[in-house]
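In: Quick check, what structure comes out for this input:
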Amino acid sequence: MDTTEAEAKPRVLLVDDDEDFRKTAAAGLAARGFAVIQAASAEEALDLTARGEDDIDIAVLDVMLPDSWGPQVGFEQSFLRPTIKFLYISGYTREDTVLRASTENLPFLEKPFTISELAEAIHSVLEGEDGDGRERDGVASE
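Out: Numbering: from 1, shown residues only. Below is the predicted model of the structure:
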């Protein structure tokens, strides 16, 4: 029996250099019906995206990666796979000057969060909203 679209699990590329966080989040998302691919670095995330072995619906990217900046990785991924959506996560608050400048109009979820909050944010982005439930219209709201 073929898998139908309705049965297909959303495919998430989870990119975070914190192994404990990544494994816990991946297990929690898998338990909620997501297919999760993990990457510990920008280089690994871009390699997985370029190989295209798995269709990725959404990349959940830590903003501060040891080898790059999350929004830069997303920018590069969007050229490799134009249909990928993005959710940015960080332990830094959005009010941080540098972080704010890089994520102003991007779906963003501040750590710490629960697995349920992460799953909800992913669903929101996949449905065309910001990670906090706001409709994406290109205009920042405070």
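In: which residues in the protein form helices?
Out: 19-31, 42-51, 70-80, 97-103, 115-126 (DSSP state H).
In: Least confident secondary structure element in this structure?
Out: Least confident helix or strand, the chain: helix 97-103 with a mean of 57, by mean pLDDT, DSSP states H and E.
In: one step back: which of the helices of the chain comes out lowest on mean pLDDT?
Out: Ranked by mean pLDDT, the helices of the chain bottom out at helix 97-103, with a mean of 57.
In: out of the helices of the chain, nearest to F86?
Out: helix 70-80 (4.5 Å; CB to CB). (Glycine included, C-beta is placed from N, CA and C.)
In: Name the residues of the closest one that come out as buried.
Out: By neighbour count on 16 or more other CB atoms under 10 Å, the buried set for helix 70-80 is G70, P71, V73, G74, Q77.
In: nearest to E117, of the residues you listed?
Out: Using CB to CB, those come closest to E117 at G70, 18.2 Å.
In: contacting residues around the closest one?
Out: For G70, the contact set (CB atoms under 8 Å, 6 or more residues apart in numbering) comprises V15, A42, L61, D62, V63, M64, Y88, S90, S102.
In: quick one: the closest residue to P112 other than its chain neighbours from E110, how far?
Out: The shortest distance from P112 to any non-neighbouring residue, by CB to CB, 6 or more residues apart in numbering, is to G91 (7.6 Å). Counting by CB to CB, to the nearest Å, the separation of G91 from E110 is 8 Å.
In: who has more neighbours, those two?
Out: More crowded of G91 and E110, by other CB atoms under 10 Å: E110, with 18 against 12.
In: I'd like to know the beta-bridge partner residues of that one.
Out: In this entry, E110 is beta-bridged to S90, by DSSP bridges.
In: What's the separation between it and D62?
Out: E110 is 12 Å from D62, by CB to CB.
In: any common contacting residues for those two?
Out: Counting by CB under 8 Å, 6+ apart, the contacts common to E110 and D62 are I89, S90.
In: how many neighbours does A31 have?
Out: 10.
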